[in-house]
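[1] Quick one: sequence plus predicted model below, questions after.
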Amino acid sequence: MAATPDQPATTTPRRKAGRHRGEGQWAVGHHTPLNGNEQFKKDDDGLNVRTRIETIYAKHGFDSIDPNDLRGRMRWWGLYTQRKPGIDGGKTAILEPEELDDRYFMLRVRIDGGRLTTAQLRVIGEISQEYARGTADITDRQNVQLHWIRIEDVPAIWEKLEAVGLSTTEACGDCPRVIIGSPVAGIADDEIIDGTPAVDEIHDRYIGNKEFSNLPRKFKTAISGSPVQDVVHEINDIAFVGVVHPEHGPGFDVWVGGGLSTNPRLAERLGAWVPLDEVADVWAGVVGIFRDYGYRRLRNRARLKFLMADWGPARFRQVLEDEYLKRPLLDGPAPEQPSSRWRDHVGVHRQRDGRFYVGFAPRVGRVDGSTLAKIADLAAAHGSDRLRTTVEQKMLVLDVAEDRVDSLVAGLEALDFQVKPSPFRRGTMACTGIEFCKLAIVETKARGASLIDELERRLPDFDEPLTININGCPNACARIQTADIGLKGQLVLDADGNQVEGYQVHLGGALGLEAGFGRKVRGLKVTSDELPDYVERVLVRFREEREEGERFAAWAARASAESLS
């Protein structure tokens with residue numbers, strides 16, 4: 001992505017190697033905890049809190065929970081306290097944690113590779129209806145999140161999930177989070193290599209294992225052998241991207257050190273080709289480097305991207321080979337450009353076995369428990385036992401016979417799930433927002449849904465691929481820096497000088513083709529009420545000024561500040 005006068009499209013600058021002193025790196029002898037998070041992890045492993053939840057907290061209630069468990073270790077089992085209702089965004093950064101905490105939890109169900117059976121989806125739907133007031137959100141990391149969970153109900157929920165092969169183990173916390181994978185792994189006709197065995201091996205060997213349960217911060221993994229490149233590999237701590245080696249055949253190209261939040265950085269290639277049966281070992285080596293060399297002194301510098309920024313890929317690869325793998329890696333080719341501008345698999349597509357998969361779009365990932373159960377029933381009635389979630393907050397039904405596709409599509413559309421959605425329905429994502437998140441400043445889900453409706457009404461013939469990502473705070477859970485139109489929630493002044501909910505605007509970010517963070521036009525902010533007018537105005541100008549075949553991101557990179565305002 002080209003730089004602009006408003007904001008250069010840069011990544012975190014490379015620092016001099018050798019930042020040892022005071023960074024809290026275990027590998028150079030700094031084992032004394034340097035902050036409260038490191039202290040509570042040293043005092044007791046996060047995985048151990050499950051016993052206390054089952055034997056103490058679920059029996060004696062919310063008030064019995066130790067604060068270090070409540071706001072720390074319980075994350076290792078997918079539990080965050082949600083935001084107390086009625087607290088406006090202006091108080092998010094002012095109040096103490098205990099003032100923001102509600103007595104209910106968000107529970108994240110871990111879904112590695114986005115793979116679900118109809119039985120599993122039905123159980124999630126039942127849990128949602130029985131314990132979560134019907135809530136359910138599909139996330140942009142292929143998980144499902146539930147809200148309004150009482151601590152008293154958590155053991156029963158775990159029992160129901162684990163009975164069908166699901167869990168919340170390390171769904172949150174300073175540990176290896178869910179392993180995202182291609183939603184069409186093992187079925188797509190154009191697949192380079194099926195990464196499913198590697199996803200399973202990593203999960204079985206290391207998830208819930210105390211070898212990696214105390215990392216400096218969270219660790220995000222992506223594995224895909226799809227030429228569509230459907231797992232946003234550029235912004236994960238480690239990603240394995242399908243490639244064909246000219247001598248050794250299909251395998252994976254290794255990327256390390258990506259991440260967003262307030263200091264976004266794209267991952268870098270190590271230049272190494274890894275066969276399928278070595279992915280788990282290489283993954284463990286990279287996680288080991290993060291555990292041992294990662295910066296633990298400051299939480300805002302504790303992600304792997306900061307170590308990669310200081311070391312660079314050559315040194316990182318050398319340490320991986322010399323200290324962790326004890327062998328050199330093979331050099332390998334870079335992946336080709338993604339084969340599609342849409343990477344969400346929405347629509348009707350033929351599988352390699354002659355059957356079809358059907359991808360459909362909820363509104364900004366928001367569903368509910370009753371509807372999830374209906375989706376499971378609908379899939380089963382059309383001969384499918386398998387579904388997938390995607391990193392774009394979408395879902396797929398697999399293994400549908402050709403003569404049953406039309407009936408399935410009709411059933412999905414009756415539930416308001418579009419198989420041929422508008423670019424606005426297809427390309428709009430939103431994080432949890434102020435409704436439940438303690439970090440949020442503004443509302444997101446309802447705002448995103450209403451924006452879709454307005455844009456479909458105002459621009460019914462707009463047919464270009466477009467991503468609109470809405471985030472409730474600066475932390476970029478909804479990937480605002482890599483969207484065509486990224487909206488970062490903050491409080492802004494309206495025309496009358498009143499402080500209201502609004503967004504700082506990022507324009508022209510991208511993943512896949514010409515990946516980059518786009519630009520921020522100085523002073524460009526919009527109120528929530530003005531948002532439909534603003535987006536409509538910018539898209540009309542795009543259509544007026546674009547060159548033949550030009551993507552929105554490319555136009556935004558060269559457009560004048562006036563055209564973007």
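    Noted; the coordinates are in hand.
[2] how about stretch 478-493: buried residues?
    Across stretch 478-493, burial judged by 16 or more other C-beta atoms under 10 Å covers 478-492. C-beta coordinates here come from the backbone N, C-alpha and C atoms, glycine included.
[3] In strands, which of these appear?
    If you go by DSSP state E, those have 485-492 in strands.
[4] Now distance to residue 507 and pLDDT too, for the residues you listed, in JSON lines please.
    Output for those, formatted as JSON lines (distance: C-beta to C-beta, whole Å; pLDDT from 0 to 100):
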{"residue": "485", "distance to residue 507": "6", "pLDDT": "97"}
{"residue": "486", "distance to residue 507": "7", "pLDDT": "96"}
{"residue": "487", "distance to residue 507": "10", "pLDDT": "97"}
{"residue": "488", "distance to residue 507": "12", "pLDDT": "96"}
{"residue": "489", "distance to residue 507": "16", "pLDDT": "96"}
{"residue": "490", "distance to residue 507": "16", "pLDDT": "95"}
{"residue": "491", "distance to residue 507": "21", "pLDDT": "96"}
{"residue": "492", "distance to residue 507": "17", "pLDDT": "94"}
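[5] Of the residues you listed, which pair is most distant in space?
    Maximum pairwise distance in those, criterion C-beta to C-beta, is 19.8 Å, between 485 and 491.
[6] re the thing from before, and of the buried residues of stretch 478-493, the nearest to residue 439?
    Proximity of the buried residues of stretch 478-493 to residue 439 (C-beta to C-beta) peaks at residue 489, which lies at 10.0 Å.
[7] what's the closest non-adjacent residue to the closest one?
    In space, and not counting its chain neighbours, residue 489 is closest to residue 442: 3.5 Å by C-beta to C-beta, 6 or more residues apart in numbering.
[8] helix, strand or coil for that neighbour?
    coil (DSSP: H, G, I helix; E, B strand; the rest coil).
[9] shouldn't residue 132 be in contact with residue 145?
    No. The criterion here is C-beta atoms under 8 Å, and residue 132 misses it with residue 145 at 9.3 Å.
[10] Could you tell me which residues touch both of the two?
    Residues touching both residue 132 and residue 145 by C-beta atoms under 8 Å, 6 or more residues apart in numbering: residue 107.
[11] Name all residues that make contact with residue 128.
    134-136, 146, 368-370, 372.
[12] Can I get these in JSON lines including pLDDT, neighbour count and secondary structure?
    Formatted as JSON lines, the contacts of residue 128 follow (pLDDT from 0 to 100; neighbours: other C-beta atoms under 10 Å; DSSP: H, G, I helix; E, B strand; the rest coil):
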{"residue": "134", "pLDDT": "98", "neighbour count": "18", "secondary structure": "coil"}
{"residue": "135", "pLDDT": "98", "neighbour count": "22", "secondary structure": "strand"}
{"residue": "136", "pLDDT": "98", "neighbour count": "25", "secondary structure": "strand"}
{"residue": "146", "pLDDT": "98", "neighbour count": "24", "secondary structure": "strand"}
{"residue": "368", "pLDDT": "97", "neighbour count": "18", "secondary structure": "strand"}
{"residue": "369", "pLDDT": "97", "neighbour count": "23", "secondary structure": "helix"}
{"residue": "370", "pLDDT": "97", "neighbour count": "13", "secondary structure": "helix"}
{"residue": "372", "pLDDT": "98", "neighbour count": "26", "secondary structure": "helix"}
